[in-house]
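**Student:** pasting the sequence and the predicted coordinates here, then a few questions.
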Amino acid sequence: MVVRSNPRAEAGFALPLALTGSLVLLLSGLSMQSLVLHGRQVQLAERRRLQSEDRLASAAQRVAADLAGPYACLKELPLEQWRPEALQSSCPAGLDPQWLVAMEIDGQAVRLASWLPAEGGGLLQLQLAGEGPERRFRLDATGVKEVG
């Protein structure tokens, strides 16, 4: 004996099931896509942060080299006294300290926010253009070290 079910009761069962399955697959695909996009945003932000830190470290190295070279007469003066009319007689004529105060590293402007001389070196603070990050560096006989 074969039991037959009512075909009218089973009619329309496959289409809702297929739609539900499709929606589940679509939502999981969108979820994976948003996860990947978020991961890329995090990587991009980290890369920008590292580039900013590298630019600031490069600027600190440039300031250290210039204070050991052609701008050595400025090394003993705080930044507030780096005006051309107030420079010491030991500074060469025509020396423009603005080149150290506002420089460009890798296409981005870097500003020397402060310089405080100390025995054997000093403390400098650099900031990227605008409201960019800033870092402090200590210059001494061993080189340049970030202090915050």
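**Tutor:** Alright, I've got the coordinates. Residues are numbered from 1 along each chain as shown.
**Student:** which parts of the protein are helices?
**Tutor:** Using DSSP state H, the helices of the chain run over 7-10, 14-68, 98-101.
**Student:** how far is the last one from where the chain is centred?
**Tutor:** Its chain's C-alpha centre lies 22 Å from the corresponding centre of helix 98-101 when counted by Cα atoms, centre = their mean, to the nearest Å.
**Student:** which other residues reach it?
**Tutor:** Applying Cβ atoms under 8 Å, 6 or more residues apart in numbering, the external contacts of helix 98-101 come out as V63, D66, L67, Y71, L74, L79, W82, R111, L112. Backbone N, C-alpha and C define where each C-beta goes, glycine included.
**Student:** quick one on the thing from earlier: what's the most buried one of the helices of the chain?
**Tutor:** helix 98-101 (a mean of 14; mean count of other Cβ atoms under 10 Å).
**Student:** only C-alpha atoms, please: export that helix in PDB.
**Tutor:** C-alpha atoms of helix 98-101 as PDB (Å, rounded to 0.1, in the frame of the first residue of the first chain):
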ATOM      1  CA  GLN A  98      63.200  79.400   9.700                       C
ATOM      2  CA  TRP A  99      64.500  76.600   7.500                       C
ATOM      3  CA  LEU A 100      64.800  74.500  10.700                       C
ATOM      4  CA  VAL A 101      61.500  75.800  12.200                       C
END
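**Student:** in the protein, which residue is closest to the centre?
**Tutor:** With distances taken as Cα atoms, centre = their mean, the residue of the chain nearest its centroid is R49 (2.7 Å).
**Student:** show the contacting residues for the closest residue to it other than its chain neighbours.
**Tutor:** Leaving aside its chain neighbours, R49 sits nearest to P133 (7.7 Å; criterion: Cβ to Cβ, 6 or more residues apart in numbering). Applying Cβ under 8 Å, 6+ apart to P133 gives the contacts R49, S52, E53, L56, Q127.
**Student:** and these as CSV, adding pLDDT and distance to L100?
**Tutor:** Shown next, in CSV, are these (pLDDT from 0 to 100; distance: Cβ to Cβ, whole Å):
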residue, pLDDT, distance to L100
R49, 92, 25
S52, 91, 20
E53, 93, 20
L56, 94, 14
Q127, 93, 14
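**Student:** okay, now the sheet partners of the longest strand belonging to the chain, with direction.
**Tutor:** In the chain, ranked by residue count with DSSP state E as the criterion, the top strand is strand 108-118. According to DSSP bridges, strand 108-118 forms sheet pairs with strand 102-105 (antiparallel), strand 121-128 (antiparallel).
**Student:** nothing else from me, thank you.
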